[in-house]
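Undergrad: Fold the stuff below for me.
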Amino acid sequence: MTFTMSRLSAMMFLQFFIWGGWFVTLGTYLVQGPLKASASQVATAFLSQSIGAIVAPFLVGLIADRFFAAQRILAVLHLAGAALLWVASTAADFNTFATCVMAYMLLFMPTLALVNSIAMRHMQSPEKQFPYVRVAGTIGWIVAGVLIGWLGWEQAHRLELTFRMAAAASLLLGLYAFTLPHTPPLARQRTAGVGQILGLDALRLLKSRSYLVFFLASIAICIPLAFYYNFTNPYLNDLGVRGAAGLQSLGQVSEVLLMLAMPFLFVRLGVKTMLAVGMAAWVLRYVMFAYGDAGSGFSLLVIGIVLHGICYDFFFVTGQIYTDAHAGPDTRSSAQGFITLATYGVGMLIGTFLSGAVVEHYTTATGPDWQQIWLFPAGVAFVVLLAFLLLFRDRPAAATAPAAT
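TA: Here you go, the predicted structure:
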């Protein structure tokens, strides 16, 4: 690996270490920490991710990509983010905390596109080099979870320290970003229209029935996805699982391993099978959670977490490849932005509201009825899977195109 690739890998490591350092245990901090938040308030806090995903194209496309060097705007966003994370760790009431988190995610979500842009602009062959740089980000997320588990912050009820750890890492990345290779706006980025920046010119893809079915399924499957992000850590801690954040990092380990196997599997299974297996894994995961426990059913919890690799890679990564195959050369970037806006923006937005309502509905004076809570997203994922199997008809050209990617 060259020196430049090593520098970009360090950037990715810090980027996802920051996110994994506080986001995984956010629900537990809100429920069990000093704020004693309700399920709806937990959902409100997680809602910041979806709103940030919706706003990100405006900030990156309309401002950063047109007027500023990418590494400089990355530095400023992370330096400001460090201050917000630190203030969030000291918030004495939920409203103050939620305001800090919302402001932070409005700054953080655009940085996901910025680090990708910086990395790819300095690669001779992004399709070959980028996966090896991006995997450093997944390793950063894993290290953050393992570190939280090793330090025992969940058991000690000191999860405010996760925000301070992430703030320190954000400060470090903010300073480090100023030293990254110079990445000025491209001429075509300065002249791109608003519709192109937001991916709206990719709407023409929906004229294809197969892509329309995939697009709607992508939004729908993100509804049960929100349950996993929002309430897995509180669930594991409620069961008394020690080092829950570290255990959850097994999901990212499986993601890395399956990512390496994706080219082999894609050629042999094809688009429809890959997408269907990914959705079926969501159903199985939530059933495992519904019937797992910290005793004899602990293996079910572990299997459910390890299934993350299939859930994410088989559906979302396959979907990105499928989108790339359908979009022409002029709309590939717009199409990727469009599907991201639809899934992490619209889909997760709906799922976040629904997850909070479902958890509150099944929570009594004795605590949450986790079995009923997890069976709900399992049912949603099953319905989406059935509809997809019945309605999706893949075009042969789309199935063969990714093999050359």
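Undergrad: Just give the nearest non-adjacent residue to residue 145, would you?
TA: Spatially, and ignoring its direct neighbours in sequence, residue 145 is nearest to residue 249 (3.6 Å; CB to CB, 6 or more residues apart in numbering). Using the backbone N, CA and C atoms, a C-beta is placed for each residue, glycine as well.
Undergrad: again, but for residue 29
TA: residue 159 (4.0 Å).
Undergrad: Need phi/psi at the one you found.
TA: Main-chain dihedrals, residue 159, degrees, to the nearest 10: phi -70, psi -10.
Undergrad: Number of residues surrounding it?
TA: Residue 159 has 23 neighbouring residues, counting by other CB atoms under 10 Å.
Undergrad: show me what contacts residue 182?
TA: 69, 71 (CB atoms under 8 Å, 6 or more residues apart in numbering).
Undergrad: Which pLDDT value belongs to it?
TA: On pLDDT, residue 182 comes in at 91.
Undergrad: Could you grab the helix/strand/coil label for it?
TA: coil (DSSP: H, G, I helix; E, B strand; the rest coil).
Undergrad: Backbone dihedrals for it, please?
TA: Dihedral angles for residue 182 - degrees, to the nearest 10 - are phi -60, psi 130.
Undergrad: Give me the nearest residue to the spatially most central residue of the chain, chain neighbours excluded.
TA: Centroid-nearest residue in the chain, with CA atoms, centre = their mean: residue 344, separated by 7.5 Å. Distance criterion CB to CB, 6+ apart; nearest residue to residue 344, sequence neighbours excluded, is residue 53 at 4.1 Å.
Undergrad: Helix or strand: which one has the nearest residue to residue 226 once chain neighbours are set aside?
TA: Spatially, and ignoring its direct neighbours in sequence, residue 226 is nearest to residue 351 (2.8 Å; CB to CB, 6+ apart). Using DSSP states H and E, residue 351 sits within helix 348-361.
Undergrad: next one: residue 43
TA: helix 39-57.
Undergrad: packing partners for that helix?
TA: helix 26-32, helix 94-121, helix 209-239, helix 348-361 (3 or more CB pairs under 8 Å, 6 or more residues apart in numbering; DSSP states H and E).
Undergrad: so what's the residue lying farthest from the centre of the chain scoring on pLDDT?
TA: Centroid-distance maximum for the chain: residue 365 at 32.5 Å, with CA atoms, centre = their mean. Note on residue 365: pLDDT of 89.
Undergrad: mind checking how far it is from residue 235?
TA: Distance, residue 365 to residue 235, by CB to CB, to the nearest Å: 18 Å.
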